[in-house]
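Asks: give me a model of this one.
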Amino acid sequence: MRGRGGDLVNAKTQAAPRSAVASDQRFVTSLTRASHSNFYYSFLFLPRPKREAIHALYAFCREVDDSVDQAGSDSEARARVRFWREELRACYAGDAGHPVTRSLARHLEAFPIRREDLEQVIAGVEMDLAPGRFETFDDLVVYCDRVASAVGLACIEIFGYSDPRSRDYAVALGRAFQLTNILRDVAADARKGRVYIPRSDLARFGCDSGELTASAPSPAFLDLMRFETGRGRGLFAEARGLLPPVDRRSLFAAMIMGRIYETILLKIDRDPGAVLARKVALSRPRKMLLALGIYLKARASPRA
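Replies: Numbers count the residues shown, from 1 in each chain. Model prediction:
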């Protein structure tokens, strides 16, 4: 079978024993559940084939990200990145060796996820191996598009869409997600030597990078954070405006992700200094309520 990425998924992958297929699927599902990701709540209402496919996709992205974050050295991280790049090649060639890529390869038979989007995810994670400072927001957007928007473009191939403008929605939403992550994790990342907030923004508010790890927020830090949360609100608004009405029913999972992340962003906006003391998050019941509300509203939308 030839997917949209143009590579063959051969009979070797398709003919795997059912027990092996089930084992690989359990592996990716357990990784997704164990992550306690905000994304997990958006997957709950998907029909089983799509839910299992998104678990495989999420597990791949999680493993690639962890290959850098959990490595003991730069050389180990680079070796892990090379491993996943090779596994991605093998995934589309039909000879993957890891349970995550084996599972993902089987789902490519039904969902035409583009290989180039997953290659962008790896390229984005690789940028963290040389954490240069971003000069401008446009520079940061390149990173966001690789580590987040590319994931969104892969996800909508599973969720389904009929209007090509939904791809623009996925890109804008990915940028909003990643900026929210950056603001939420600003202190933890800075302690690792990773400063994602652009230099031009730090200079604009007279905020030194040392203030990103301070025990208490400075006035400059608070002004900077309010500026960035305002930018994030604009990105979420842009994404909502780009979502074609005809695809609201099929893209409810993306809409749930958007609502959860935007709610986190608004929580940061109300108390920007909180990110220096803790990871700003939502409770599980709150995320479930948000997810259920979006799902029911989307179900009421006209079919495409």
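
Asks: where do the helices sit along the stretch 201-304 of the chain?
Replies: Listed in chain order, the helices of the stretch 201-304 of the chain (DSSP state H, counting those that start in this stretch) span 219-242, 252-270, 284-299.

Asks: let's have those in TSV, adding distance to L57, mean neighbour count and mean pLDDT.
Replies: Every residue, glycine included, has its C-beta placed from N, CA and C. Shown next, in TSV, are the helices of the stretch 201-304 of the chain (distance: least, Cβ to Cβ, whole Å; neighbours: other Cβ atoms under 10 Å; pLDDT from 0 to 100):
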stretch	distance to L57	mean neighbour count	mean pLDDT
helix 219-242	20	18	98
helix 252-270	12	21	97
helix 284-299	18	15	93
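
Asks: closest to E76 out of those?
Replies: Closest approach to E76 among these (Cβ to Cβ): helix 252-270, 30.8 Å.

Asks: centre of the chain to the closest one, how far?
Replies: Centre-to-centre, helix 252-270 and its host chain are 13 Å apart (Cα atoms, centre = their mean, to the nearest Å).

Asks: next: stretch 177-189.
Replies: Relative to its chain's centre, stretch 177-189 lies at 13 Å (Cα atoms, centre = their mean).

Asks: which parts of it are buried?
Replies: Residues F177, Q178, L179, T180, N181, I182, L183, R184, D185, V186, A187, D189 are the ones in stretch 177-189 that count as buried (16 or more other Cβ atoms under 10 Å).

Asks: just stretch 186-203 next, same as before
Replies: By neighbour count, with 16+ other Cβ under 10 Å as the criterion, the buried positions of stretch 186-203 are V186, A187, D189, A190, V195, Y196, I197, P198, D201, L202.

Asks: among the residues you listed, which are in helices?
Replies: Per DSSP state H, helices hold the following members of the buried residues of stretch 186-203: V186, A187, D189, A190, D201, L202.

Asks: could you dump those to CSV with distance to T101 and pLDDT?
Replies: Formatted as CSV, these follow (distance: Cβ to Cβ, whole Å; pLDDT from 0 to 100):
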residue, distance to T101, pLDDT
V186, 32, 97
A187, 34, 96
D189, 28, 93
A190, 33, 94
D201, 38, 97
L202, 39, 97
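
Asks: reformat those residues as TSV; add distance to R249.
Replies: Shown next, in TSV, are those (distance: Cβ to Cβ, whole Å):
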residue	distance to R249
V186	36
A187	39
D189	37
A190	41
D201	38
L202	42
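
Asks: which of those residues sits closest to V171?
Replies: Taking Cβ to Cβ as the measure, D201 is the one of those closest to V171, at 21.4 Å.

Asks: D185 versus the nearest residue to that closest one once chain neighbours are set aside, what's the distance?
Replies: Distances taken as Cβ to Cβ, 6 or more residues apart in numbering place L224 nearest to D201, at 6.3 Å, with adjacent residues excluded. Between L224 and D185 the distance is 15 Å, computed by Cβ to Cβ, to the nearest Å.

Asks: same deal with L118?
Replies: 23 Å.

Asks: surely L183 meets F227?
Replies: No: judged on Cβ atoms under 8 Å, L183 makes no contact with F227 at a distance of 10.5 Å.
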